[in-house]
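Peer 1: Mind looking at a prediction? Sequence and model below.
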Amino acid sequence: MLQSSNLRPVLPPTTDVPTHVAIIMDGNGRWAAERGLPRSLGHRAGTESVRGIIKTCVDCGIKVLTLYAFSTENWQRPYDEVEALFAILSDVIDRETDELRQGGVRIRHLGTLNGVPPSLAERIRKAVETTVGNDRLIVNVAFNYGAREEIVRAIRRVVQSGLACNEIDEQVISANLDSAGLPDPDLIIRTAGEMRLSNFLLWQAAYAEIWCTDVYWPDFDAAAFRQAIDDYGRRQRRFGGLSSGKRANGV
Ligand code: IPE
Ligand code: IPE
Ligand code: MG
């Protein structure tokens, strides 16, 4: 049966700057291998790119940035790499949270803390808590995140809420995802040459523009990011309708 939400028009954004950018930060391992370095150093180098991208988001007026940091499938990697990734995230939280908080950044976590070492889980909870009052830029850290698992958790919550079958619509599902309350991503960037979503934001990505580059994540700088944003501004988003001659910026 059609729900009323299916009939509502989806309006394109009114400016050419995406409101929500989501990034699959890929290629740290290959970046390191090309330099004869251990993969963990590629992951460390990748954290420098994150700093630059957050600053560019604030400069451009992007309101939401989602970073894919660790997938539910990444547990399959050798445990020393998983441990290194956890240690790096701990260090980043210790090093950056105060500055982000002072800069008006709110940190949110997408995913669960199941199986995450307690000290790291506590750091993540604290970073989320201490920045909750900020709204200049929301940075979602997709950590121990998998979109299918997120959707399953959302459906379980909906079932537990006791909603009747005909009360369940797209808004209800969206409101029960980890991204509840946020606009869907306008632009998804993937680095390092792969062209797949790898279980990232499968529900929210329905009408996202996708932009891929061969550049490895540690080499992805502000100039590359601005290129992605400029290209987005020239795309024509149709949301299933017919071409209106309008571009993403409404011109
Ligand atoms: C992305 O880099 C970081 C994570 C998945 C945690 P990779 O570690 O996947 O790097 P490649 O793809 O092996 O080069
Ligand atoms: C996706 O990268 C996950 C993150 C960037 C955290 P992967 O390197 O894990 O993806 P696949 O395995 O190449 O699809
Ligand atoms: Mg990879």
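Peer 2: Nice, I can see it. Numbering: from 1, shown residues only. Ligands and ions are numbered 1, 2, ... in the order given.
Peer 1: Can you tell me which residues in this protein are near ligand 2?
Peer 2: Neighbours of ligand 2 within the chain, by C-beta under 6 Å from any ligand atom: 24-26, 68-71, 74, 194, 196, 198. In this view, the C-beta of every residue, glycine as well, is placed from N, C-alpha and C.
Peer 1: Show the pLDDT at the closest residue to ligand 2 within the chain.
Peer 2: In the chain, the residue that lies nearest ligand 2 is Ser198 (3.7 Å; C-beta to the nearest ligand atom). Per-residue pLDDT puts Ser198 at 99.
Peer 1: In this protein, what residue lies closest to ligand 1?
Peer 2: Going by C-beta to the nearest ligand atom, ligand 1 is nearest to Gly29 of the chain, at 2.8 Å.
Peer 1: For the stretch 51-200 of the chain, which residues are neighbours of ligand 1?
Peer 2: 70, 74, 85, 192.
Peer 1: Show me the residues you listed that map onto helices.
Peer 2: Those of these mapping onto helices are Leu85, per DSSP state H.
Peer 1: In CSV: the residues of the stretch 51-200 of the chain next to ligand 1, plus pLDDT.
Peer 2: Converted to CSV, those look like this (pLDDT from 0 to 100):
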residue, pLDDT
Phe70, 98
Asn74, 98
Leu85, 98
Ala192, 98
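Peer 1: Mind giving me the PyMOL command for buried ones among the residues of the stretch 51-200 of the chain next to ligand 1?
Peer 2: In PyMOL, a selection of the buried entries from those looks like this (16 or more other C-beta atoms under 10 Å):
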select buried, resi 70+74+85+192
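Peer 1: mind listing which of the residues of the stretch 51-200 of the chain next to ligand 1 are in strands?
Peer 2: Counting by DSSP state E, these place Phe70 in strands.
Peer 1: Format the residues of the stretch 51-200 of the chain next to ligand 1 as TSV; extra columns: distance to Asn134.
Peer 2: Output for these, formatted as TSV (distance: C-beta to C-beta, whole Å):
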residue	distance to Asn134
Phe70	23
Asn74	28
Leu85	26
Ala192	31
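Peer 1: what about stretch 189-202, distance to the chain center?
Peer 2: Stretch 189-202 has its C-alpha centroid displaced from the chain centroid by 11 Å (C-alpha atoms, centre = their mean, to the nearest Å).
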